[in-house]
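In: Here is the input, now give the coordinates:
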Amino acid sequence: MAAVSTSLALGMAIVVAALGAAAMFGPSLQRWRRQRDIARALRQFRISREQLEARFEEVARSASKSLALKTASFEWHSEVAFGLSPESGLLTAFVSVSVRLGKADENGSPQPETETETSAFPRNASAVFHYQDGVWGTAGRVLFNLEPDEALARFADQFAPVMLDGKASL
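Out: Model prediction:
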């Protein structure tokens with residue numbers, strides 16, 4: 001009977017120790033896993049960026065009600081700011097882009113521009129991309145007059161800057 005009692009006490013001690021270790025190391029393990037997942041997503045973004053930019057242009061043109069955006073040209077820049085929604089865990093990339101709005105006639109056909117027209121001048125903007133269910137995508141949303149770091153600051157109530165190894169992921 002003493003052997004059963006000792007085995008039971010030992011088993012209980014192991015369970016209590018395991019629960020204590022989980023409580024102590026669980027949050028650290030979760031943070032490590034989240035950082036690993038974010039690093040993987042950022043690598044995936046860098047690898048597929050060219051295809052994502054092409055997809056953005058396609059979606060932005062098809063979803064826009066503006067003829068000027070439907071016929072716009074895009075010049076992509078290297079600056080990117082990544083933000084993470086603390087509430088939903090949604091990872092978002094704000095990418096620097098210059099948008100030269102096009103000119104179209106009432107039928108939507110592109111028209112030649114002159115240098116004096118406002119549409120001839122590029123507008124700085126940030127293109128928005130989201131990482132969801134292991135895949136980067138876009139709805140073609142463009143934030144005019146905001147560079148990536150400014151867009152992240154503007155939406156600071158929704159996104160926290162992504163930090164990897166103590167450094168911002170810009």
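In: Select the longest helix from the protein.
Out: Using DSSP state H, we find that the single longest helix of the chain is helix 2-63.
In: Now do it: which elements does it pack against?
Out: Helices and strands touching helix 2-63, as assessed by 3 or more CB pairs under 8 Å, 6 or more residues apart in numbering; DSSP states H and E, comprise helix 67-70, strand 73-84, strand 91-100, strand 123-132, strand 135-137, strand 163-164. In this view, the C-beta of every residue, glycine as well, is placed from N, C-alpha and C.
In: Quick one: closest of those to residue 149.
Out: The minimum distance between residue 149 and the helices and strands packed on helix 2-63 falls on strand 73-84, with 5.1 Å, by CB to CB.
In: Which pLDDT does the model give the nearest residue to residue 152 once chain neighbours are set aside?
Out: Leaving out its chain neighbours, the residue that sits closest to residue 152 by CB to CB, 6 or more residues apart in numbering is residue 81, at 4.4 Å. Per-residue confidence (pLDDT) for residue 81: 96.
In: cool, residue 28 as well?
Out: Note on residue 28: pLDDT of 76.
In: ok, now the one 4 residues further on?
Out: The score at residue 32 is 79. That number is its pLDDT.
In: worst average pLDDT in the helices and strands packed on helix 2-63?
Out: When the helices and strands packed on helix 2-63 are compared by mean pLDDT, strand 163-164 comes last with a mean of 67.
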